[in-house]
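[1] I'll drop the sequence and a predicted model, then ask my questions.
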Amino acid sequence: YGLVKSKRNFRITVNMRHGHPSGWAPQEIGLFIDSYLNGSTTLPIIRNPHVQNDGLKATVESETVLVSVNLHYTIGIETVNKREWVNVPASIEGNQIISQDLPKEATMWFLTVTDDQGAIISSEVVFSGSLK
């Protein structure tokens, strides 16, 4: 996904069921296609998630109203599908997502926003700690 030069979106769901019906279910798939084929409202985009001054920061671009922002992280080192994830609210200030809740032991993390359409959009996953 890092090679895509145009706009791109992610929707990562912690503990999402595996299989075709679960993979086809998210409404974001249709919203993403509609935005390109029909010119409808584009989904939010989270850019440049990074650690800054003992906290997290990312920029979000959105044509819709954002109703929640969350941080998802794991301190696990086992196979990724066996890790336990912690989900905590983050905050948004203007077009910046901010969180101070990432422990130093975190091995992976990502951010999500939910907009007023109920669409959930994720940042890319960031590997931290001993995985760098």
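    Cool, got the structure. Numbering: from 1, shown residues only.
[2] residues near the residue nearest to residue 128 when sequence neighbours are not counted, how many?
    Among residues not flanking residue 128 along the chain, residue 106 sits closest, at 5.5 Å (Cβ to Cβ, 6 or more residues apart in numbering). The way it works is simple: take the backbone N, C-alpha and C, and place the C-beta from them, glycine included. Neighbour count of residue 106, defined by other Cβ atoms under 10 Å: 21.
[3] helix, strand, or coil at residue 106?
    coil (DSSP: H, G, I helix; E, B strand; the rest coil).
[4] who's sitting farthest from the centroid in the chain?
    Distance from the C-alpha centroid of the chain peaks at residue 38, with 24.6 Å (Cα atoms, centre = their mean).
[5] distance of that one from residue 30?
    10 Å (Cβ to Cβ, to the nearest Å).
[6] which SSE is residue 113 in?
    strand 108-115 (DSSP states H and E).
[7] what's that strand packed up against?
    strand 45-52, strand 55-61, strand 66-74, strand 96-99, strand 120-122, strand 126-127 (3 or more Cβ pairs under 8 Å, 6 or more residues apart in numbering; DSSP states H and E).
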